[in-house]
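J.: Provided below are the primary sequence and the corresponding predicted coordinates.
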Amino acid sequence: MSRKRLNTYIACEDYDFTWDLSEVQRFRDLWREGYSIIEIAKDLRRHQNEVAILVIDQAEQARINPRFGGVFGNSFERADGDNDSRRVDGLAEESHSGRDENQISA
């Protein structure tokens, strides 16, 4: 997969893509329960881009299934009636690189 390069740029160098197995299991549980990647990131205290890469990894390995709402889960349904205490609405946490955790990056 790696190729010889003269000038090297490392994408997403500020992110942490290493996961403890207990974090991966917690991610899978929250994914199955329909939580959005933003909610999962808050629960795991991770940047949502790190969670998005874990979604890709777990989907490619068939560890998680496609679901209604995709990465947004069923958070819209919960916003209408579920008062789950694990949900943290409206809080913007700062990541290790100073980015707003609630901002969806392009």
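T.: Looks like it arrived, so ask away.

J.: Would you check how far apart the spatially closest residue to R46 that is not a sequence neighbour and R67 are?
T.: Nearest residue to R46, sequence neighbours excluded (CB to CB, 6 or more residues apart in numbering): D16, at 7.5 Å. The way it works is simple: take the backbone N, C-alpha and C, and place the C-beta from them, glycine included. Going from D16 to R67 by CB to CB, to the nearest Å gives 25 Å.

J.: same deal with I10?
T.: Distance, I10 to R67, using CB to CB: 32 Å.

J.: higher neighbour count, these two?
T.: Between I10 and R67, counting by other CB atoms under 10 Å, R67 is the more crowded of the two (14 against 6).

J.: Just confirm that one contacts G34, I think it does.
T.: Yes - R67 sits in contact with G34 when judged by CB atoms under 8 Å, with a separation of 6.8 Å.

J.: hey, what's in contact with both of these two?
T.: G73, N74 (CB atoms under 8 Å, 6 or more residues apart in numbering).

J.: got the contact list for the closest residue to L30 other than its chain neighbours?
T.: Nearest non-adjacent residue to L30, counting by CB to CB, 6+ apart: I40, 4.8 Å away. The neighbourhood of I40, defined by CB under 8 Å, 6+ apart, consists of F27, L30, W31, V51.

J.: Tabulate these (a markdown table), appending pLDDT.
T.: Rendered in a markdown table, the data for the contacts of I40 read as follows (pLDDT from 0 to 100):
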| residue | pLDDT |
| --- | --- |
| F27 | 98 |
| L30 | 97 |
| W31 | 96 |
| V51 | 98 |
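
J.: Would you show me how to pick out the buried ones of the residues you listed in PyMOL?
T.: To isolate the buried ones among the contacts of I40 in PyMOL, judged by 16 or more other CB atoms under 10 Å, type:
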select buried, resi 27+30+31+51
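
J.: among the contacts of I40, which are in helices?
T.: F27, L30, W31, V51 (DSSP state H).

J.: which residues sit in contact with the second one?
T.: It refers to L30. Taking CB under 8 Å, 6+ apart as the test, what L30 contacts is E39, I40, D43.
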